[in-house]
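Enquirer: give the three-dimensional model of this entry:
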Amino acid sequence: MTPETTQDTVTAYEQFNRHEWRRPALLGGIAAWLVFAGIAFAVAGRNGNLIDETFYEMSPGVSDWNLYRLMRIGRLLGDVRLIGPIAVVLFGVAMYRPHLRRMGLYTFGTFLGGICAGGILKIVLGVPGPPVYGEPQLSGTALPSGHALTATLFWGLLAAVAATYLARRWLPVLVGGWEAAALGVGACQVLMQTHWLSDVVTAWLFGLGWLCLAAVGIWWWEYGRADPGPGEAPGPA
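Expert: Residues are numbered from 1 along each chain as shown. A predicted model of the protein is given here:
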């Protein structure tokens, strides 16, 4: 390997890094703003606000029992008691297949980390949910909504994994399915009067921010820390 070849390799790597860091940097900025917006919305709704009260009064709650049962079924798409075991099974399948192990570790770690981070935020804020049958909740915390956060993380990650194996024309379908699941679960929580609107919006923003941060972290782990040795091309570590 001649010095000229080594220098060319390093120069190519530097150009690669300058070009490829634009997208992670953009995602990182978006993530920071989303997390900040989520926390700001959470603080604004800590003692209730006019928007929360308005949506609460407009929601049917248990007045329409058939609609209420339908919404209870719909919010299962974000119930961690159902989604959690499914995620564990998918993670086990990924660990069993060598070519899926790295992706499985990344996606399951992102999902588990996001759920834990949301739980910690919920404990720190300690905001109770809306009144139940006209009586204020005396225990438990509701901000951010666990169901909405779970749906945002799980279906978003599932869509991202599926997009790597399906043709590009399926991308709108995958993104649409993810959005429908996350928005649908959040809407069910508000319409059932089990969460304030601020609980759900905070969960959406926090979940999106967490996914962006995870994308930046994974990219850095794969490419950003990989220093090419003599004659090596840039690529995953």
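Enquirer: make it CA atoms for all contacts and neighbour counts henceforth
Expert: Fine.
Enquirer: following the host helix or strand of residue 85, which helix or strand shows up next?
Expert: According to DSSP states H and E, residue 85 maps onto helix 80-96. Next helix or strand after helix 80-96 toward the C-terminus (DSSP H and E): helix 101-125.
Enquirer: what's in contact with that following helix?
Expert: The contact list for helix 101-125 (Cα atoms under 8 Å, 6 or more residues apart in numbering) reads 46, 87-88, 91, 94-95, 141-144, 146, 149-150, 153-154, 157, 161, 203, 206-207, 210-211, 214, 218.
Enquirer: let's see that with 6 Å instead.
Expert: 91, 94, 95, 143, 144, 153 (Cα atoms under 6 Å, 6 or more residues apart in numbering).
Enquirer: any idea of the mean pLDDT for the next helix or strand after that helix?
Expert: Using DSSP H and E, the helix or strand that follows helix 101-125 in sequence is helix 146-163. For helix 146-163, mean pLDDT rounds to 87.
Enquirer: re the thing from before, dump the contacts of helix 101-125 to a markdown table, plus distance to residue 68 and neighbour count.
Expert: Output for those, formatted as a markdown table (distance: Cα to Cα, whole Å; neighbours: other Cα atoms under 10 Å):
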| residue | distance to residue 68 | neighbour count |
| --- | --- | --- |
| 91 | 33 | 20 |
| 94 | 37 | 18 |
| 95 | 39 | 16 |
| 143 | 22 | 31 |
| 144 | 22 | 35 |
| 153 | 25 | 26 |
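Enquirer: which of these sit farthest apart?
Expert: Using Cα to Cα, the pair of the contacts of helix 101-125 lying farthest apart is 95 and 143, separated by 33.6 Å.
Enquirer: got the CA positions of the helix holding residue 85 in CSV?
Expert: C-alpha atoms of helix 80-96 as CSV (Å, rounded to 0.1, in the frame of the first residue of the first chain):
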residue,chain,number,x,y,z
VAL,A,80,-47.7,-2.6,26.7
ARG,A,81,-49.2,-5.7,28.2
LEU,A,82,-50.0,-6.8,24.6
ILE,A,83,-47.2,-5.1,22.7
GLY,A,84,-44.5,-6.0,25.2
PRO,A,85,-44.8,-9.8,24.7
ILE,A,86,-45.0,-9.3,20.9
ALA,A,87,-41.8,-7.2,21.0
VAL,A,88,-40.0,-9.9,23.1
VAL,A,89,-41.1,-12.6,20.6
LEU,A,90,-39.8,-10.6,17.6
PHE,A,91,-36.6,-9.9,19.5
GLY,A,92,-36.2,-13.6,20.1
VAL,A,93,-36.7,-14.4,16.5
ALA,A,94,-34.1,-11.8,15.5
MET,A,95,-31.6,-13.2,18.0
TYR,A,96,-32.1,-16.7,16.5
